[in-house]
Structure formats: structure tokens, C-alpha cells
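Participant: Can you look at this prediction? I've put the sequence above it.
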Amino acid sequence: MTSTDGADRGVLLVPGDDGATGVVLRAANGTARAAAMCALCRTTHSVGGVGLFAAPRSGAKGRQGDTVGTYICADLSCAEHVRVEKATAALKPAPGMTVDERRAGLRERAAEFVAAVTA
């Protein structure tokens, strides 16, 4: 994931059989006021490390304002966070899982989110 203009937008790129699919994300105002877990990388963050992001649905639903949202790392660094070997004060990866298992889980959940947006 990458930030496009700094604070409130980003792009989620998910590889697939037919190439990568990109989804533009918009951050809701504010971040979680307590420790929270990212729904994509399943990394637990301290206060402010997770925010609500939404993407417009594709097609007519999106043109009518329908969106899909989920809680994602506020810095959009899920791909980096799943590579953390040991927990730190700021990042706590899912315990008992290897980096490869966390990476596979991130790919799967990101693809599910994109599928919900494009359905």
C-alpha cells in the first residue's frame, strides 16, 4: 500500500491471476483511540496506529456513494509490518505465525477486501 497525498488517501494494490488490481482508499477522520488490530495484516498497534479506510464500490453502487470500509494500519505499511520478526512497543504481529504465514494471510485478506469493493 502507498500513500498518495499524505494524510487521507492511499492505494491498495493486490496481485491477482490477471495482474494487479488497485483500489483507492480514503481515510476517515481520526484514528483508533485505543490499541487496535489492522484487519489486513492482523498487526496490533498502539493508540493511533490503525484507522478506518473506505473505498467506493465499483459500478453503479459506487456512483451512488456506496463504499466498503475496514480498519487498516494508519501508515499503510501492512507489507512491512508482517515482516517484523518480534513484537516491539509499537507493533505486535500475530503470535505463533511465521513471516511467510503472515504474508500469505495479508495477501488473502487484501484480495477479499478488493473482491468486496469490485463485487
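Facilitator: That came through, no problem.
Participant: Tell me which stretches of the chain form strands.
Facilitator: 2-3, 9-14, 21-27, 36-37, 44-45, 50-56, 67-73, 91-92 (DSSP state E).
Participant: Just give the number of residues close to C78.
Facilitator: C78 is surrounded by 23 other residues when neighbours are defined as other C-beta atoms under 10 Å. To be clear about C-beta, it is placed using only N, CA and C from the backbone, and glycine gets the same treatment.
Participant: pLDDT (mean, whole number) over stretch 97-109?
Facilitator: Mean pLDDT, stretch 97-109: 93.
Participant: Output that stretch in PDB with nothing but the alpha carbons.
Facilitator: What follows is the C-alpha trace of stretch 97-109 in PDB, where atoms were taken according to Å, rounded to 0.1, in the frame of the first residue of the first chain:
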ATOM      1  CA  MET A  97       3.000 -17.400  13.000                       C
ATOM      2  CA  THR A  98       5.900 -17.200  10.700                       C
ATOM      3  CA  VAL A  99       6.600 -14.200   8.400                       C
ATOM      4  CA  ASP A 100       5.500 -16.300   5.400                       C
ATOM      5  CA  GLU A 101       2.200 -17.200   7.100                       C
ATOM      6  CA  ARG A 102       1.600 -13.600   7.900                       C
ATOM      7  CA  ARG A 103       2.400 -12.500   4.300                       C
ATOM      8  CA  ALA A 104       0.000 -15.100   2.900                       C
ATOM      9  CA  GLY A 105      -2.700 -14.000   5.300                       C
ATOM     10  CA  LEU A 106      -2.200 -10.400   4.200                       C
ATOM     11  CA  ARG A 107      -2.500 -11.300   0.500                       C
ATOM     12  CA  GLU A 108      -5.700 -13.300   1.200                       C
ATOM     13  CA  ARG A 109      -7.400 -10.600   3.300                       C
END
